[in-house]
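Enquirer: Sequence plus predicted model, see below.
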Amino acid sequence: MIQIEKLRKVHRARGREVTAVDGVDVTVREGEVFGVLGPSGAGKSTLLRCVNLLDRPDEGRVVIGGRDLLALRGTELRRARQGIGMIHQHFGLLGSRTVAGNVAFPLEVMGVPRGERAARVAELLDLVGLTGHAKAYPAQISGGQKQRVGIARALAGRPKVLLSDEATSALDPETTASILELLRDLNRRLGLTVLLITHEMDVVKRICDSAAVMRDGRFTEQGPVTELLARPGSELARGLFPLPAAEPRDGTTLVEVTFVGGANGRPFVSALARKYSLDVNILGGAVETVGGERVGRLQLELPGDPSANAAQLAFLRESGLAVEVRTRATAAAPGAPNTDALTAPAEEEAR
Amino acid sequence: MSWDEVMPLLWPATRETLYMTGVATLFTAVLGLLFGVLLVVTERGGLLPAPPVNKVLGAVVNIGRSLPFLILMVAITPFTRIVVGTSIGNAAAIVPLTVGAIPFYARLVEIALREVDPGVVAAADAMGATRREIVGKVLLREARPGLVSGLTVTVIALIGYTAMAGTVGGGGLGNLAVTYGYERFETKVMVATVLLLVVLVLIIQAVGDLVARRLSHK
């Protein structure tokens, strides 16, 4: 549905050049929720703004629903944008218009006759659960309600694609959950393809089918979320399941295992202990529901050096687990991702 | 002079002040709005980027604002003659009043428009709105309270400027205060005109505040 190829965007300001997006390839399949996760300044916003050409990329291709957007200009581009919904971190609502007036705005832009607007506005407000607030002004409603208005407005043109620019970053956790649920629901009911950017791990966990981690203008990993979680060394897995930063003690093997879905049912830790008569020490762990599947990570300490544990590690791998052996070198390697940046709290509170 | 003699002088002078201020406000509102919008949209990264135009416009506005009104009034006499056919009288005073107030209001319009959340403009852009729609339905509409407050300040400044209209043979309360109150030591006239001016300004400010508040949905 959305195809982005070799996208590059350089911001130029006062002689300085900053490469915000540095060769990104993404394919978002129809009907999926794709999340781009990354710390502030990674280029996520620029990437998203390049999708509907609020920023024009310097290189690359943006194809939405089979149409090459970069080939469009003027009226054609505006038409195309009308078919792409977008929601924003700070909502972007017109303070001088009521809730209904805000939802009617894109309809005016699209040239929907006055008589048809009211019915469509009512329909959209019903869709996002704001029927009673049509006459309120944005200043009179809560942040979550404002984002619902933003979503209703974005859906006015019956878009196939919705772009979400940190839509929940200005909201409290409870409201975030309700907005994400609404997005998930709309994604399923309307077959809406969603491309969202966020710095909140939680968003990816709750609603994304696929995800990418972005850093310094590039994707460091991307793919279906459950697949990424099972992938050794995945930054997403580390971010989602922060395990204590531990180093293997002498004569022990420090292992991080990730289990997804099916592997969950089997008691692999006790099986391992029994089969090899080991004293397995659990140092840390976390279990989460991701995309409806139970996913977990455990940090285990086995007696003996990794070389002495080859059979044991093979056993774990054969049990359908992603197994990562931590050594001192990897723990201290500069490439070791810093998950703090990904889990940083929202930069700004709701206004 | 007795109060009976002062009263008949006040009404025509008030009317002249209102006339000059009213007409000048009308033109100032339209042209100041136009220049203010141009100042915002032509800047680098604006809706209609044209940095050279922006620079020239900015310079013109700054020069316009730095000229003392008295000097401006005399300096543009030839222009006034072209516009209204004469350089003397109330109608002739309206021209420099307008010319003086436009840059003043244009800056206030610019400030009001810059207060509009850029996120709202981006949202409209993402919806596929035209530039005209963004200016009309987003910028100007969102900035309405600021535009009204700015106009209120401008109208009050215009009332102040009309006091100097006497220089080009115009009338009004200010002229009355100068000719009778100051030059002829008629304290009653002075007091009466000053009071009238104060009342006028208070009323305008109150109305302006009320309208701005009505338009604001904060």
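Expert: Sure, I can see it.
Enquirer: Now the closest residue to chain A within chain B: phi and psi?
Expert: Closest residue of chain B to chain A, Cβ to the nearest Cβ: residue B:123 (3.1 Å). C-betas here are computed from N, CA, C, even on glycine. Per-residue torsions, residue B:123: phi -60, psi -40 (degrees, to the nearest 10).
Enquirer: Quick check: buried residues in stretch A:86-104?
Expert: Neighbour counts using 16 or more other Cβ atoms under 10 Å in any protein chain shown place A:86-104 of stretch A:86-104 among the buried residues.
Enquirer: The residue of chain B closest to chain A and residue A:94, how far apart?
Expert: Distance from residue B:123 to residue A:94, counting by Cβ to Cβ, to the nearest Å: 9 Å.
Enquirer: Could you do residue A:289 as well?
Expert: Distance of residue A:289 to residue A:94, given as Cβ to Cβ: 38 Å.
Enquirer: and if you look at residue A:132?
Expert: Going from residue A:132 to residue A:94 by Cβ to Cβ gives 20 Å.
Enquirer: and if you look at residue A:40?
Expert: Taken as Cβ to Cβ, the span from residue A:40 to residue A:94 is 27 Å.
Enquirer: Ok, residue B:127 next?
Expert: When Cβ to Cβ is the yardstick, residue B:127 and residue A:94 sit 11 Å from each other.
Enquirer: cool, and residue A:251?
Expert: Taking Cβ to Cβ as the measure, residue A:251 and residue A:94 are separated by 67 Å.
Enquirer: what's the answer for residue A:82, then?
Expert: Relative to residue A:94, residue A:82 is positioned 17 Å away (Cβ to Cβ).
Enquirer: repeat for residue B:130
Expert: As defined by Cβ to Cβ, residue B:130 lies at a distance of 16 Å from residue A:94.
Enquirer: elements contacting the biggest helix by length in chain B?
Expert: Among all segments of chain B classified by DSSP state H, the helix with the greatest residue count is helix B:3-41. Under the contact definition 3 or more Cβ pairs under 8 Å, 6 or more residues apart in numbering or on different chains; DSSP states H and E, helix B:3-41 sits against helix B:51-66, helix B:90-114, helix B:144-162, helix B:173-176, helix B:187-215.
Enquirer: looking at these, which is buried most?
Expert: By mean neighbour count, with neighbours taken as mean count of other Cβ atoms under 10 Å in any protein chain shown, helix B:173-176 ranks first of the helices and strands packed on helix B:3-41 at a mean of 25.
Enquirer: one step back: just the ones in strands from the buried residues of stretch A:86-104, please.
Expert: Counting by DSSP state E, these place A:86, A:87, A:88 in strands.
Enquirer: thinking residue A:112 is in contact with residue A:120, fair?
Expert: Yes - applying Cβ atoms under 8 Å as the test, residue A:112 and residue A:120 come out as touching, 6.8 Å apart.
Enquirer: what's the closest non-adjacent residue to residue 32?
Expert: As the question left the chain open, I've gone with chain A. Setting aside the residues directly before and after it, residue A:32 is nearest to residue A:209 in space (Cβ to Cβ, 6 or more residues apart in numbering or on different chains), at 4.3 Å.
Enquirer: hmm, I had chain B in mind actually
Expert: Looking at residue B:32 with Cβ to Cβ, 6+ apart, the closest residue is residue B:105, at 3.1 Å.
Enquirer: that older thread, could the helices and strands packed on helix B:3-41 go into JSON lines alongside distance to residue A:328 and mean pLDDT?
Expert: Output for the helices and strands packed on helix B:3-41, formatted as JSON lines (distance: least, Cβ to Cβ, whole Å; pLDDT from 0 to 100):
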{"stretch": "helix B:51-66", "distance to residue A:328": "57", "mean pLDDT": "94"}
{"stretch": "helix B:90-114", "distance to residue A:328": "55", "mean pLDDT": "95"}
{"stretch": "helix B:144-162", "distance to residue A:328": "62", "mean pLDDT": "96"}
{"stretch": "helix B:173-176", "distance to residue A:328": "86", "mean pLDDT": "90"}
{"stretch": "helix B:187-215", "distance to residue A:328": "66", "mean pLDDT": "95"}
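Enquirer: Flag every residue of chain A that's near chain B.
Expert: Within chain A, the positions lying close to chain B (Cβ under 8 Å from any Cβ of the partner chain) are A:52, A:54, A:77-82, A:84, A:86, A:88-97, A:105-106, A:108-110, A:137-140, A:150, A:153, A:157, A:163.
Enquirer: avg pLDDT for the helix or strand containing residue A:302?
Expert: Element membership of residue A:302, judged by DSSP states H and E, is strand A:293-303. Within the predicted structure, the mean pLDDT of strand A:293-303 is 85.
Enquirer: Flag every buried residue along stretch B:62-80.
Expert: Buried positions in stretch B:62-80, judged by neighbour count with 16+ other Cβ under 10 Å: B:64, B:67, B:69, B:72, B:73, B:76, B:80.
Enquirer: actually stretch B:28-37, not the one I typed
Expert: Counting neighbours by 16+ other Cβ under 10 Å, one finds that the buried residues in stretch B:28-37 are B:28, B:29, B:31, B:32, B:33, B:35, B:36, B:37.
Enquirer: Excluding chain neighbours, what is closest to the fifth one?
Expert: With Cβ to Cβ, 6+ apart as the measure, residue B:109 is the residue that lies nearest to residue B:33, at 5.6 Å, once sequence neighbours are left out.
Enquirer: Cross-check the contact I'm expecting between the one you found and residue B:32.
Expert: Yes - the pair formed by residue B:109 and residue B:32 meets the contact definition of Cβ under 8 Å, at 5.8 Å.
Enquirer: got the phi/psi numbers for residue A:168?
Expert: Geometry field for residue A:168 lists phi and psi as phi -110, psi 10, criterion degrees, to the nearest 10.
Enquirer: residues touching it, list them.
Expert: A:147, A:175, A:176, A:179, A:180, A:198, A:200, A:203 (Cβ atoms under 8 Å, 6 or more residues apart in numbering or on different chains).
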